[in-house]
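>>> got a predicted structure plus its sequence, pasted below:
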Amino acid sequence: MRAGVGFDSHRFDETRPLVLGGVCIPDAPGLKGHSDGDAVAHAITDAVLGAAGLGDIGAMFPDTDPAHEGADSIGLLAAAVRRLRGRGFRVGNVDVTVIAEQPRIGPHAAAMRERLAGALGVRPSDVSIKGKSNEGLGWIGRGEGLAVMAVATVGREGEPGSSGAGDGA
């Protein structure tokens with residue numbers, strides 16, 4: 001079993017819709033970014049790639065490539081998982097913390113877990129999403145943006161602890 005850590009942060013952008021964990025969240029400013037700005041999907045992508053020793057999201061999907069402009073980050077995450085599987089790895093679980101003053105994450109966590117589980121090839125119960133306030137401190141506390149931390153485990157196909165959806169576990 002291997003573990004990887006991912007991090008992402010973005011400034012808010014009032015002109016864009018907010019997408020977190022593949023879920024559009026109404027009545028909240030979106031995030032600046034080359035793709036759709038989904039900081040949850042970006043942090044998880046970094047975590048799973050790092051756990052497998054396969055680099056990071058910036059190397060796999062450079063923001064200098066126009067093909068990724070406005071891209072659906074869940075699609076990017078699914079492509080990263082396909083790369084893992086091609087190297088004999090399977091995602092075990094992910095644990096995510098969204099640090100933001102707004103929006104509240106709890107009401108959207110179940111939908112995010114479902115959407116992310118599909119891209120990761122795991123059960124929704126293998127995906128944890130939590131929201132935390134920054135207690136008014138710093139740029140996050142001033143409501144300028146949000147940050148996301150993610151931890152992922154991966155294992156070699158067929159090894160104990162590497163079970164995911166569809167493997168009969």
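Received, thanks.

>>> low-confidence ranges in this structure?
Judged by pLDDT under 70, the chain has its weakly predicted residues at 159-169.

>>> give the contact list for the most centrally placed residue in it.
The chain has residue 41 as the residue nearest its centroid, 2.4 Å off, counting by CA atoms, centre = their mean. Contacts for residue 41 (CB atoms under 8 Å, 6 or more residues apart in numbering) come out as 21, 22, 73, 74, 76, 77, 116, 119. Where C-beta positions appear, they are placed from N, C-alpha and C, glycine not excepted.

>>> distance of the second one from residue 113?
Distance of residue 22 to residue 113, given as CB to CB, to the nearest Å: 10 Å.

>>> equivalent analysis for the third one, please.
As defined by CB to CB, residue 73 lies at a distance of 16 Å from residue 113.

>>> higher neighbour count, those two?
Neighbour tally, residue 73 and residue 113, criterion other CB atoms under 10 Å: the higher count belongs to residue 73, 27 against 22.

>>> where along the protein do the helices fall?
Remark: helices assigned in the chain by DSSP state H are 39-51, 57-60, 73-86, 109-120, 138-141.

>>> in the second one, what's buried?
Same thing as helix 57-60. By 16 or more other CB atoms under 10 Å, the buried positions in helix 57-60 come out as 57, 60.

>>> who's in contact with it?
By CB under 8 Å, 6+ apart, helix 57-60 touches 6, 42, 45, 46, 49, 54, 76, 79, 80, 83.

>>> any of these buried? List them.
6, 42, 45, 46, 49, 54, 76, 80, 83.

>>> quick one, what contacts residue 68?
Residue 68 touches 34, 35, 61, 62, 76, counting by CB under 8 Å, 6+ apart.

>>> buried members of the residues you listed into ChimeraX, please.
Buried residues within the contacts of residue 68, by 16+ other CB under 10 Å, are selected in ChimeraX with:
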select :34,35,61,76
